[in-house]
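**Student:** Below are the sequence and a predicted model for it; my questions follow.
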Amino acid sequence: MILLQPTYFSSILQYVAIANADEIIFETEDNFQKQTYRNRCHIYTAQGKQLLNVPVQHTKEIKQKTKDVIIDYKDDWHKQQLKTLKTAYSSSPFYEFYIDDLLPVFEKKVHFLLDLNFLAHEIIMDALQLEIPRKKTTEYEKEPNIMDLRFLAEDKPKITYNLARYIQVFSENYGFIPNLSILDLLFMEGPNALNYLETQKIIF
């Protein structure tokens, strides 16, 4: 059983943890923190590592729960991100195989950030053909009595882990970039992505 932060097209490390868990508990009672994977992810483009950010509506409140954060659609970020993914991964082996399944994330205009993250998670789990029970927290616990992996939501974690290399679209230009969004692994490895996740020798 692991405790995770719902994030936007989560990092490969997060899915390594998920693929090797028997149950997931998602944190839904925390306060929103900027510059985390709660509303962003990294992909590999012709320019190297690139951030995809989901804009959110700002509030005057000093603290706001993540589950109350509303997505801001005024700049059509979702349309731009879809174009960016096409530009970055259209030549990858499995882009055409998965892109239609991902479209609801970019076409539905989901109101709350947390709901968008869960939608993305469900699509990825289906793509991986992975079924693991999940629950949501009902209160925030600073020191829970289960494996606490909420830190994987940090964009710049204090700990680094060694992930096995796999071929990436632009690796000839910039080399291997580890721990990008799960999208990178999925587009490159396809059905083998789950085997990759399950065989990573990571000790959290």
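**Tutor:** Structure received. What you are looking at is a predicted structure, and each value in this text was computed from that prediction instead of being measured. Residues are numbered from 1 along each chain as shown.
**Student:** drop to CA atoms for contacts and neighbour counts, all remaining ones
**Tutor:** Will do.
**Student:** could you pull out the helices for the chain?
**Tutor:** Using DSSP state H, the helices of the chain run over 12-19, 77-89, 95-107, 113-128, 171-174, 182-189, 193-198.
**Student:** The fourth one - contacts with which helices or strands?
**Tutor:** With contacts defined as 3 or more Cα pairs under 8 Å, 6 or more residues apart in numbering; DSSP states H and E, the secondary structure elements packing on helix 113-128 are helix 95-107.
**Student:** buried sites along the helix it packs on?
**Tutor:** 95, 98, 99, 102, 105, 106 (16 or more other Cα atoms under 10 Å).
**Student:** Equivalent analysis for stretch 53-67, please.
**Tutor:** 53, 54, 55, 66, 67.
**Student:** and if you look at stretch 178-191?
**Tutor:** Neighbour counts using 16+ other Cα under 10 Å place 178-190 of stretch 178-191 among the buried residues.
**Student:** Could you do stretch 26-38 as well?
**Tutor:** Buried-residue list, stretch 26-38, by 16+ other Cα under 10 Å: 26, 27, 28, 29, 30, 32, 36, 37, 38.
**Student:** picking up where we left off before, for the buried residues of stretch 53-67, which one is nearest residue 47?
**Tutor:** The closest of the buried residues of stretch 53-67 to residue 47 turns out to be residue 53 (Cα to Cα; 16.5 Å).
**Student:** Beta-bridge partners for the closest one, please?
**Tutor:** Counting by DSSP bridges, residue 53 forms beta bridges with residue 40.
**Student:** show me what contacts it?
**Tutor:** Contact analysis of residue 53 by Cα atoms under 8 Å, 6 or more residues apart in numbering lists 39, 40, 41.
**Student:** And the pLDDT at the residue with the largest distance to the centre of the chain?
**Tutor:** Relative to the mean C-alpha coordinate of the chain, counting by Cα atoms, centre = their mean, the farthest residue is residue 60 (27.4 Å). Looking at residue 60, its pLDDT is 75.
**Student:** ditto for residue 188
**Tutor:** Model confidence at residue 188 (pLDDT) stands at 98.
**Student:** Repeat that for residue 120.
**Tutor:** Note for residue 120: predicted pLDDT of 98.
**Student:** hang on, the earlier thing: adding distance to residue 161, write the contacts of residue 53 out as CSV.
**Tutor:** Below are the contacts of residue 53 laid out as CSV (distance: Cα to Cα, whole Å):
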residue, distance to residue 161
39, 22
40, 20
41, 17
